[in-house]
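Visitor: just the structure for this:
(one chain, ligands or ions: 2)
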Amino acid sequence: MFNAADVQSVGVDRFPLRAVTPPAQIDALARDILALKKKLNAVILAHNYQVPEIQDVADVVGDSLGLAQHAAKTDADVIVFCGVHFMAETAKILNPGKIVILPDADAGCSLESSCPGPKLKAFQATNPNFWTIAYINCSAEVKALSDCICTSGNAVKVVEAAPKDRDILFVPDENLGGWVMEQTGRPMTLWKGDCYVHVEWTHAAITRIRQKHPGAPVVAHPECPKAVRMLADEVCSTEKMVTWCQRSTAKDIIIATEAGMLHRLKKECPDKNFIPAPTDRCACNECRFMKMNTLEKLHDCMVALAPRIELPPELGARGRIAIERMLEISARP
Ligand code: 13P
Ligand code: SF4
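Guide: Residues are numbered from 1 along each chain as shown. Ligands and ions are numbered 1, 2, ... in the order given. Modelled structure (predicted):
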């Protein structure tokens, strides 16, 4: 019989491939990008993990929930999405009539790859009582097969709002799903996918850095394994990390998430010292997919209005129902 345990995350190169824009080019490119933005009536949305020079030219920098919420209400004609492919695809699902472009169409995600639509469909068929909640880190095809989407920022709320008489199938992140089960007490069937970046943090590495900075709290993303989450003072989405750190009285704070977050945190909390939690095997705290986007590629995609997200309308329409259900649940008091 088909079993979710059979589905493994794809192997991806664990070492970051990071192209660095020479400092002399940054100002000229940023000026051109701002001019193009005006000409196109475009909005630039950037995820917290983007390189600093992209964050600095963006109109909005945020987590996947904040960026989806912004995409749902923008009146711009063109959405320039600086993040990974599934994030731009979500913006397109919410705006089928608008042009949605991204700097690098190959910016994928190990979670998305771990859950192919046909495998999900086959597994759903094993239990007609499943109510499928998909973490937003998945393809449009998976969104179209799901009852509701969630992000790390609202997963607890979405699971709490799920029908009580249904069996929840949570895809594709087993670590986020495990954390949500701990928070809500609701049993769920978890798809066996993971984020290849966040699983690099280990109990031993976090323990060592804590010993070096005894007074510093640890803030970790829920995509981290349980052994790491258990050591954390706060487990939350990237946007909630900003508000948590702003409110904290600690001067030094250890951060266990992708390295791009540190730029945003330093900007929002200039008086604090952020310590990137080390990984055990290598300096693996950069997502090679997020780092495929560069300022040059951002500029070029705005000139060419490509790569562009295109979706079969029927697929987009089905995915939209699940995303809008999430946005509605998220807006509840
Ligand atoms: P957030 O929704 O917390 O920004 O996380 C997205 C992500 O891809 C984490 O790896
Ligand atoms: Fe996907 Fe992990 Fe990269 Fe986030 S950090 S986009 S979950 S591979």
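
Visitor: which residue, other than its chain neighbours, is closest to Ile329?
Guide: Counting by CB to CB, 6 or more residues apart in numbering, Ala161 is the residue found nearest to Ile329 once chain neighbours are left out, at 4.8 Å. All C-beta atoms are positioned from the backbone trio N, CA, C, and that covers glycine.

Visitor: OK, now which residue of the stretch 201-333 of the chain is nearest to ligand 2?
Guide: Here the stretch 201-333 of the chain gets closest to ligand 2 at one residue, Cys287, 3.3 Å apart by CB to the nearest ligand atom.

Visitor: shouldn't that residue be in contact with Tyr49?
Guide: Yes: between Cys287 and Tyr49 there is a contact under CB atoms under 8 Å: 5.8 Å.

Visitor: show me the common contact partners of those two, please.
Guide: With contacts taken as CB atoms under 8 Å, 6 or more residues apart in numbering, Cys287 and Tyr49 have Glu258, Gly260 as neighbours in common.

Visitor: which parts of the stretch 151-300 of the chain sit against ligand 2?
Guide: Within the stretch 151-300 of the chain, the positions lying close to ligand 2 (CB under 6 Å from any ligand atom) are Cys195, Tyr196, Val197, Glu223, Glu258, Cys287, Phe289, Met290.

Visitor: residues near the last one, how many?
Guide: Which is Met290. A count of neighbours around Met290, defined by other CB atoms under 10 Å, yields 26.

Visitor: quick one: stretch 224-243 to chain centroid distance?
Guide: In terms of CA atoms, centre = their mean, to the nearest Å, the centre of stretch 224-243 is found 14 Å from the chain centre.

Visitor: cool, and stretch 98-117?
Guide: Centroid separation for stretch 98-117 versus its chain: 11 Å, with CA atoms, centre = their mean.

Visitor: offset the numbering so it begins at 520, please.
Guide: Got it, the first residue is 520 from now on, which makes the last one we talked about stretch 617-636.

Visitor: what pLDDT, on average, does it get?
Guide: Mean pLDDT, stretch 617-636: 98.

Visitor: how about that stretch, does it get close to ligand 1?
Guide: No: using CB under 6 Å from any ligand atom, stretch 617-636 never reaches ligand 1; the gap is at least 6.6 Å.

Visitor: re earlier: the residue nearest to Ile848 and Arg807, how far apart?
Guide: Using CB to CB, to the nearest Å, we find Ala680 at a distance of 34 Å from Arg807.

Visitor: about what we covered before: now do the contacts for the residue of the stretch 720-852 of the chain closest to ligand 2.
Guide: Contacts here follow CB under 8 Å, 6+ apart; on that basis Cys806 touches Pro535, Tyr568, Val603, Val716, Glu777, Gly779.

Visitor: you'd agree Arg705 is up against Ala680?
Guide: No: taking CB under 8 Å as the definition, Arg705 is not a contact partner of Ala680, at 10.7 Å.

Visitor: what is the neighbour count of Pro682?
Guide: Pro682: 10 surrounding residues under other CB under 10 Å.

Visitor: chain neighbours aside, what residue packs nearest to it?
Guide: On the basis of CB to CB, 6+ apart, the spatially nearest residue to Pro682 that is not a chain neighbour turns out to be Trp650, at 5.9 Å.
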